[in-house]
Every structure is written in C-alpha cells, then in structure tokens.
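Trainee: Quick one, what's the 3D model for this:
(2 chains)
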There are 2 protein chains.
Amino acid sequence: VSIVEGTRARASSTSNAMSPLLERTIAAIAPPDEVVAHEVARLLEAKTKPPGSLGRLEDLASRLGAIHGRVPSAPLVSAIVVAAADHGVAAEGVSAYPREVTAQMLANFAQRGAAVCILAREVGARLLVVDAGVIDPPSLPGIRTAVVGGIRGTENLAIGPAMTRSTALGLVDEGVALANAIADDGVGVVAVGEMGIANTTAASAVCAALLPEDPSIVCGRGTGIDDARLVRKVDVVRRGLSANGLDRPPSDGAEPDPVYVLAAVGGLEIAFLVGVILGAATRRVPVLLDGFVTGTAALIAMRIAPASATSMIAATRSPEPAHPLVLRALGLEPLLDLGLRLGEGSGAALALPLVRAAVSILSDMATFEGAGVART
Amino acid sequence: VSIVEGTRARASSTSNAMSPLLERTIAAIAPPDEVVAHEVARLLEAKTKPPGSLGRLEDLASRLGAIHGRVPSAPLVSAIVVAAADHGVAAEGVSAYPREVTAQMLANFAQRGAAVCILAREVGARLLVVDAGVIDPPSLPGIRTAVVGGIRGTENLAIGPAMTRSTALGLVDEGVALANAIADDGVGVVAVGEMGIANTTAASAVCAALLPEDPSIVCGRGTGIDDARLVRKVDVVRRGLSANGLDRPPSDGAEPDPVYVLAAVGGLEIAFLVGVILGAATRRVPVLLDGFVTGTAALIAMRIAPASATSMIAATRSPEPAHPLVLRALGLEPLLDLGLRLGEGSGAALALPLVRAAVSILSDMATFEGAGVART
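Mentor: Down below sits the predicted model:
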C-alpha cells in the first residue's frame, strides 16, 4: 500500500475513534421537540395580529421552542463566542493581510475595539473571546485560552495535514466544554464567530472535500484578495486536497470522515467551533451561525452528528461563493442578506435582535382575549 | 363641463394650494450631503476590518451621514410613530376584521400590548402612538390626538372622496408638526407605522392612481383575506378610482396631483404620515419605512416633494403585491425580507438595530492605527 493509498483509506474511514466526551455529546443530541413547536404556533395564533403576519419571526419562535424543548420566555440571554487561531497556509500568500493580524485582532477583541465587540454591546450579548491557537498572543485580560498540546497555528495544509487528529479532537472537546459552561449559565442562544488570517482558505478546502466541489467553485475573495491571489488560493486548496488524499472521493464510495477532513485541511478555531456547535446542540441551545467559516464548522458538525443541524440558525448570506452551497447542505435559509463578509460573528450579532424579538413577541404580546380585540 | 370632467381637471391639477406650513416644509428640504457621505466612507476605511466587509451596513452609515448633514455619532436616538385611523371603505367588507378593531388596537398600543410595543421596547426606541381619526377612540393615557375638524374615519372611497383636500392638508400639517417636535428632541431616526382596518384598500387605491397600475395588480390579501374578499377589494378599488375621476390618466398627460389622490382615496393616518415623512426630510431626520401602507405614504410624499425620497430607508419587503412596485418607484432596497405583513411599524422596529449598529460601528470601532493592526 503506497503512502497515498494509506492516506485515502484514512480519509474514507468513519471508524476512527472520537474522544469519550465527543461520543457522549453526539449520543445525547435530541431531536427538535415538535410538540413544543406546535404549542408555540398555537400561542402565537392568540396574539393580537393577523395569523402569520410576523412571517419568519413566527417560524423562528417555533424553531427556538423546538430546540429548547420548552416554550421560550423573554428575555433570551445571548452570548457570542469568537474563536481565533493562526493558519500555516497563510505562508502561501492567500490573504490580503499578514499572519500577524490574527494576534493583533485578538488584542482588538480583548480591548473591545473590533466590530463584533461594538455589535455585541449594541445588541446586549455577552462576548466570549477564545484563543484557540494564535501565534504570539497578546497578554491581555478577557481572553480564554483553548490551546491543545501547545499547538499555536496549524501546519501548512498545502503540504500535509494542518493538525493531527488528536489535536483536532482535543479542540472539539474544548469547544464542547465551553458550550456546556454557556448552557449552565442559562444562555438561550449562542452566536459563533471566528478570526484567523487565511481561514477562508482552510474553510474552502474543507468544503471542497465535504460537499465535494472543485476548488475553483468554493474559493472566494475572503478579506478582498485580487485576481492573482485568488488563482493562487485555488491552487493552494487543490494542492492541499491532493497532499491529504482528499482530491478524489473515498474509494469505498463513503463520505469522507469529517474529523479527518477537519484535521487535514481545517483550522484550530474551526475545530473549536465544531465542538461549540455540537455541545450546544446537546444542551438544546440554538446556535446562530455567522458567515462562511462558521458555516463550514457547522457542516463538519452536521457530518459528525446529523441531528445537530436542527439546532442551527443561519444569520447571514456571505458573498463567499461556497456559502450558499454550505447553507443548502445544512438546509438553512439566512435571516439577513446584507453583503456582510467580515466574520468575527458580526453577522450573527446583527441577527440576534431578530432572534430575541421572536421570543419577546411570544412572551410579552397581548392576546385577543386579554386585550379585548375582536377576531375575524 | 360635466361633473366627471371637472373631477378629472382637479385630479390632474398641480396648481392647487398647499398649506403655508407644507409650502415652507417642501421648500426647506435639502439634498443629501455627499461630502459627509464620503467622509463617513473614509472613516470606515480606517476601521479594523477589510474594506467594505460590512456590506450594506457601511452604505447605511454613509447614507445616514448624508441625510443628517454631519457624521453621525452613537447612540442614535430612535423613535417609532404609529398612526391609527378608521376607513369608511371598511363598510365594503374588504378586511378580515371588523372596523371596531382599529379602536381596540389603539387601546392595545396605549397599553403596550401590541407587537410594535414589544419590539420598540426590545430595540430601545421611543414609541409615539397617534390617533389620526379613530372612531370611538379609547380614553387612555399615552395617545396623541391629531384629528382635524373633528373628522374620525374617512368617507367610503368607493363612492366618492375619502376626505376633503382641506382635511388631508390639515393632517399633513399635523404630521409635519410632530416631525418637528421629534427633531427638536434630538431623534436621529424615525420609524413610521400605521394601523387602520381596511387601510391596505386605501393604499392600493393610492398606488393604482399614482403608479399608475390596474387595481388587480396592486391589491393583496392585507390582513389575510380569502379569494372572495380579494375579488371584492379589487372591485372596490376600481369603483373608487372611477368615482373620484382617477380611472384614467389626467387628460393633460401630467401626473395626478398627489394631494388630490390622498384626499380622494387615501386615509387619515396616511395623510398624517405623509406629513411626518416630509417634516422629517426637512429636518434631516432619516425615515425608516415599514411596509406597504407606509410605503404608499412615502410615495405620496415623494410625489409632493421629490427631494424627500433621499431621506427614506426601507425596512422590509412586504408580501403585498404592490410593495415592490412602490419600493421601485422610491428607489429603495429593503434591509429585511422576512415575510412581515403586520404593519404597525413592526418591520421598521426590527430594522432599527441595523440602523443603530451602522452608527455604532462608525462611532466606536477601533482604527488600524489606534489598535496597532497591520493593513494589507
């Protein structure tokens, strides 16, 4: 068996072990509670408005109830988790920004100067900043560290695996642990965001492997790269798939192992967010996805545990070309379509008021009977 | 000259007098300040994010600056004006609800039980409830009265003019006065909403006359009417246009006089909101439009004073079939598309966090220089 053949076998295997925490997390994901969804719809029918006149806000309220497993009540406590990490593939010149910007932005998050910080404050959400493997991170208060085995920054995915399976699973576990802590704190919706120079390259590679799609279809301009860099990005993803035995579907016709793909061409912050998403699903906390990179983490989560998809809500549609494909795979229609492509959880933060409003309407609006308003 | 010929002459005339307040208001509308718009764009370029990555939020910030005539600063004080009135055309059975629901909902607004009340609180906006001519209004605190000549409820537009020109202009003046009071209070964005059983019939008739379009194109299901009522609604609008000499374009080829159309087939709350919109435009306060009925008020405002259109922002796209036509005439692309069709200002309230976020980003986000983040 050649090295490439061996790699292919690994890529297609789904028998590789998960961590015990992840096994338990996956096993504990419950389906959405449709009885609650109907109860929410019934309660909304009694509110002083024409039936269905609040459109998707009403569907959202039912959806939140089904995820929670009980009728939600206002105020809905919300948190935003933004995870940052570095990417070895940045050395290929696939981003418009130098690698050092990841650490600089982590400092900006800690000092509450970044977009997501302003938006979190604006919408009244807690902001949790996570260093999931940033090279030379700032020493500042307000940063949680989720680093596994001292790994800061992935290897260059264009040459070989970005990280080991063990590192990937370690970070997933860290994410699950944070989701559990968030759920214990009574958070009713968690928004996820990310930062990491070159991470749309990693996300594109993950999509190319999992959807699957040709690299030319799933690569976009990320932070705003020019044509030359975009051509290079497509080539880097193509080389990365090849170097990791992901350039052809598994020989047994099975879907590629999502944890293998995550470790091979993903990112440390992406692995962490996979854990947050799965952990939140287990704890019945709805997950508000941001843009393309968090959508890719959600795609991995869904491939690991299909039942987790019912806990997800898509905040925005990104101009990244792969994002609509990811949303389709997840079965999600975003709440906002405003051309947002910053990441950081900024789009999810902007959609949070809609999620909270859906619960407030359900919780606080008068009924026809209570307000003495005639029905049809 | 026959009576119908005389009506036609009146419908096409644009020489009919406005009120002195309205004349002054129209004359004082300034064009958007493009120098400020460029200054806002320049400031956003310095923020710690890839250029343009906040998409329409960045355009919105520039737009708000151009309307204000200065760089906006957070927090943006916001108000929601919801105006209610009754419609004589309700007697034709064009709504799913009885006429009495207008007064009952006015009470619901005052008692803070309606959707817009919950949403106003949720998004931190002041709510101003205006009785612009509700029959048998509740005696409750928290309602402003803007009734002209004791007129409560319009006449049936299917038979003749809904109101006199003098009543329409009186209500427009009342709206201008409220906009002035709001501007004096330092409000930086005003959202408009409405309530009035049968008011989508009036709005459809206004659209049919002003766009112009056939009644079958501009009538929708409003509160959720069935096929039989929809057929009746189209017929009522057709009869209303005919009874008011608006069934054919003016013989001189001119656009119909918007104040004539407003008085003939509009509504008291629509007239009031035309005034709020024009008054806000004069005072450089951006107006956040809700759905179809407020869009129709905006269309009348734009026909009275074309320069007012640059002060408008569309919050939502309504499922009412005429709304996209109205938005196209206004040159507006809505921020949200969530199937909302309640009115009351509920959609505008849901878009307010986006407007406020645009200003907070501009006002509070760190710059590359300030945060020590490298540029490309």
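
Trainee: Excluding chain neighbours, what is closest to the most centrally placed residue in chain A?
Mentor: Most central in chain A under CA atoms, centre = their mean is residue A:294, positioned 2.9 Å from the mean C-alpha point. Setting aside the residues directly before and after it, residue A:294 is nearest to residue A:192 in space (CB to CB, 6 or more residues apart in numbering or on different chains), at 4.8 Å. All C-beta spots, glycine's among them, are computed from the backbone N, C-alpha and C.

Trainee: so the one you found bridges to which residues?
Mentor: residue A:81 (DSSP bridges).

Trainee: For chain B, see how far away it is.
Mentor: Computed as CB to the nearest CB, to the nearest Å, the residue A:192 to chain B distance reads 18 Å.

Trainee: And for residue A:244?
Mentor: Taking CB to the nearest CB, one finds residue A:244 at 28 Å from chain B.

Trainee: Quick check: chain neighbours aside, which residue is closest to that residue?
Mentor: residue A:264 (3.9 Å).

Trainee: So that neighbour is in contact with residue A:161, correct?
Mentor: Yes - between residue A:264 and residue A:161 there is a contact at 4.9 Å, judged by CB atoms under 8 Å.

Trainee: residues contacting the residue nearest to residue A:294?
Mentor: By CB atoms under 8 Å, 6 or more residues apart in numbering or on different chains, the contact list for residue A:192 reads A:80-83, A:273, A:276-277, A:287-290, A:294, A:297, A:345, A:348.

Trainee: With respect to residue A:308, which of the residues you listed is nearest?
Mentor: residue A:277 (6.3 Å; CB to CB).

Trainee: wait, what's in contact with the closest one?
Mentor: A:175, A:179, A:192, A:287, A:297-298, A:301, A:308, A:311-312.

Trainee: Out of the residues you listed, which comes closest to residue B:142?
Mentor: Closest to residue B:142, out of all of the contacts of residue A:277 and judged by CB to CB, is residue A:287, at 39.2 Å.

Trainee: ok, the closest one touching residue A:309?
Mentor: No - the criterion here is CB under 8 Å, and residue A:287 misses it with residue A:309 at 9.9 Å.

Trainee: Pick out whichever of the two has more residues nearby.
Mentor: Neighbour count, other CB atoms under 10 Å in any protein chain shown: between residue A:287 and residue A:309, residue A:287 has more, with 29 against 20.

Trainee: Quick check: that one vs residue B:317, distance?
Mentor: 27 Å (CB to CB, to the nearest Å).

Trainee: and residue A:288, backbone torsions?
Mentor: Dihedral angles of residue A:288 (phi, psi; degrees, to the nearest 10) stand at phi -100, psi 110.

Trainee: which residue packs closest to it, ignoring adjacent ones?
Mentor: residue A:191 is the one closest to residue A:288 (CB to CB, 6+ apart), at 4.1 Å.

Trainee: any common contacting residues for residue A:264 and residue A:161?
Mentor: residue A:244.

Trainee: which of those two has more neighbours?
Mentor: Comparing residue A:264 with residue A:161 by other CB under 10 Å, the one with more neighbours is residue A:264, at 29 against 23.

Trainee: wait, what's in contact with the more buried one?
Mentor: Contacts of residue A:264 by CB under 8 Å, 6+ apart are A:11, A:157, A:161-162, A:209, A:240, A:244-246.

Trainee: Repeat the analysis, applying 10 Å as the threshold.
Mentor: Contacts here follow CB atoms under 10 Å, 6 or more residues apart in numbering or on different chains; on that basis residue A:264 touches A:7, A:10-11, A:157, A:160-163, A:165, A:168, A:202, A:205-206, A:209, A:240-241, A:243-246, A:256-257.

Trainee: hey, what's in contact with both of residue A:287 and residue A:309?
Mentor: With CB under 10 Å, 6+ apart, residue A:287 and residue A:309 have common neighbours A:277, A:281, A:298, A:301.

Trainee: which of those lies closest to residue B:376?
Mentor: residue A:298 (28.8 Å).

Trainee: Following element in sequence after the helix or strand that closest one falls within, please.
Mentor: Element membership of residue A:298, judged by DSSP states H and E, is helix A:292-304. Using DSSP H and E, the helix or strand that follows helix A:292-304 in sequence is strand A:312-314.

Trainee: Go through the following helix or strand past that following strand and flag the buried ones.
Mentor: The C-terminal neighbour of strand A:312-314 among helices and strands, as given by DSSP H and E, is helix A:323-330. Under the neighbour-count criterion of 16 or more other CB atoms under 10 Å in any protein chain shown, helix A:323-330 has A:323, A:325-327, A:329-330 buried.

Trainee: continuing past helix A:323-330, what's the next helix or strand?
Mentor: Following helix A:323-330 in sequence order, the next helix or strand is helix A:346-364 (DSSP H and E).

Trainee: per-residue confidence for the residue lying closest to residue A:146 once chain neighbours are set aside?
Mentor: Nearest non-adjacent residue to residue A:146, counting by CB to CB, 6+ apart: residue A:174, 3.9 Å away. The model reports residue A:174 with a pLDDT of 98.

Trainee: List the contacts of residue A:174.
Mentor: Residue A:174 makes contacts with A:21, A:83, A:130, A:132, A:144-148, A:268, A:271-272, A:275-276, A:279, as judged by CB under 10 Å, 6+ apart.

Trainee: now do 7 Å
Mentor: Residue A:174 makes contact with A:146, A:148, A:272, A:275 under the criterion CB atoms under 7 Å, 6 or more residues apart in numbering or on different chains.
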